[in-house]
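Trainee: Model the structure of this input:
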Amino acid sequence: MSSSNIAAAMLEKTKELDLINKEQEMILLKINNLHKKLQKSPEAVENSEDNSLETLKLLYTQAMDLSNREANICDFLASQVDSLIELKQPPPLPPLPPRRKTMAKGPKKQVKTMSNTSTRRSLEGEMVAAKVNAEKDEWIVARVVRLDEESKEFEIIDEEPDDNDDVKEDERGEKKYKVGMGSIIPLPRSDDPTGAPEFPPGTHVLAVYPETTTLYKARVVHGHGHSKRKKHEYVLEFDDDEDKNGNLPQRKVAFHNVVALNAANGQ
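Mentor: Model (predicted):
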């Protein structure tokens, strides 16, 4: 049922509810008048010719019937409001596919990276996007451990390592990589949405796919400041993420999990 049909049905029921309320007022007035009469002349109940008690019982019965009708209409109206709320909700997203380890097909792209030495040193302990497989153009979310001054490489830890990763593993089971400065992209701080760029719709970005720690190419549908509730989430369409009908679902990604993606010659 469309929202207009629901609204029309609700309007008819509210008119009926208004008539019931008016009847209730009239019956309540009659009941109160009988109460006052019996209070002033209690001996009337012993008069066989007085029918006040029978009338009072009838009025009580009518009042109960009207109350039940009122309750039924209110239940109906409440259910119709629920239906309108459901119509406003967006359709559910399809189930998330398992974490993928291959990038989307298409022209090779890369991201602008940090080159200033002092800035690179300040990345220690920060969350970054890191390219750990140049051949597959694979980017993951990682934490910077330190910068090796001699080799000018970053030592990073994968935030969600796979068992088959061909990397060093320390005693705590953490997967470590060493990557060059051109393979590091600082992620916006999660506690500071003002530091995240407001990408215009259509911008190509690199973003963490929901419920994974791997970054994939995507296109911006809405920027992170679009929500009135200020959740600071981008609405994205990921490359090669088509559903069974060939449509690209729109997925919400937190602002601190999205970075700019530029053409190879755009640096």
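Trainee: Report the buried residues of the helix or strand containing E54.
Mentor: E54 is located in helix 52-88, with elements delineated by DSSP states H and E. Taking 16 or more other CB atoms under 10 Å as the neighbour-count basis, helix 52-88 is seen to contain the buried residues 56, 59, 62-63, 66, 69-70, 73, 80. Yep, even glycine has a C-beta here, placed from its N, CA and C like the rest.
Trainee: ranges for the strands of this protein?
Mentor: 109-110, 127-133, 138-148, 153-158, 168-169, 175-180, 184-186, 204-208, 214-222, 233-238, 251-254, 258-260, 262-263 (DSSP state E).
Trainee: Return the distance of the helix holding E54 from the chain's centre.
Mentor: Averaged C-alpha coordinates place helix 52-88 at 36 Å from its chain's average position (CA atoms, centre = their mean, to the nearest Å).
Trainee: follow-up on the earlier one: got the buried residues of helix 52-88 as CSV, with distance to A196 and pLDDT columns?
Mentor: Listed next are these as CSV, based on distance: CB to CB, whole Å; pLDDT from 0 to 100:
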residue, distance to A196, pLDDT
L56, 72, 86
L59, 68, 90
Q62, 65, 92
A63, 62, 90
L66, 59, 90
R69, 56, 91
E70, 52, 91
I73, 50, 91
Q80, 41, 85
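Trainee: so which of the residues you listed would you say is closest to E16?
Mentor: Of all these, I73 has the smallest distance to E16: 6.2 Å, by CB to CB.
Trainee: still on that earlier bit, packing partners of the helix holding E54?
Mentor: Judged by 3 or more CB pairs under 8 Å, 6 or more residues apart in numbering; DSSP states H and E, helix 52-88 is in contact with helix 3-40.
Trainee: From the chain's centroid, how far away is the helix it packs on?
Mentor: For helix 3-40 - counting by CA atoms, centre = their mean - the centre lies 42 Å from the chain centre.
Trainee: buried sites along that helix?
Mentor: Of all the residues in helix 3-40, those buried under the rule 16+ other CB under 10 Å are 6, 10, 13, 17, 24, 27, 31, 38.
Trainee: just stretch 192-204 next, same as before
Mentor: 193, 196, 199, 203-204.
Trainee: Now pLDDT and distance to E46 too, for those, in CSV please.
Mentor: Listed next are the buried residues of stretch 192-204 as CSV, based on pLDDT from 0 to 100; distance: CB to CB, whole Å:
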residue, pLDDT, distance to E46
P193, 83, 81
A196, 81, 85
F199, 87, 88
T203, 92, 90
H204, 92, 93
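Trainee: Rebuild these as TSV, extending it with distance to V179.
Mentor: Compiled in TSV, the buried residues of stretch 192-204 are given as follows (distance: CB to CB, whole Å):
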residue	distance to V179
P193	27
A196	23
F199	25
T203	25
H204	23
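Trainee: Tell me the one of those residues nearest I185?
Mentor: Distances from the buried residues of stretch 192-204 to I185 were compared by CB to CB; the smallest belongs to A196, at 13.1 Å.
Trainee: dump the residue contacts of the closest one.
Mentor: If you count contacts by CB atoms under 8 Å, 6 or more residues apart in numbering, A196 has them with 188, 224, 232, 255-256, 258.
Trainee: What backbone torsions are found at it?
Mentor: Dihedral angles phi and psi of A196 (degrees, to the nearest 10) take the values phi -90, psi 140.
Trainee: separation between D148 and T213?
Mentor: Note on D148: its distance to T213, by CB to CB, to the nearest Å, is 23 Å.
Trainee: out of those two, which sits in the busier spot?
Mentor: For D148 against T213, the residue with the higher neighbour count under other CB atoms under 10 Å is T213, and the figures read 19 against 11.
Trainee: I'd guessed the more buried one sits against D158; true?
Mentor: Yes - the pair T213 / D158 is scored as a contact, 7.3 Å apart, by CB atoms under 8 Å.
Trainee: Quick check: pLDDT value at I31.
Mentor: Turning to I31, the model gives it a pLDDT of 91.
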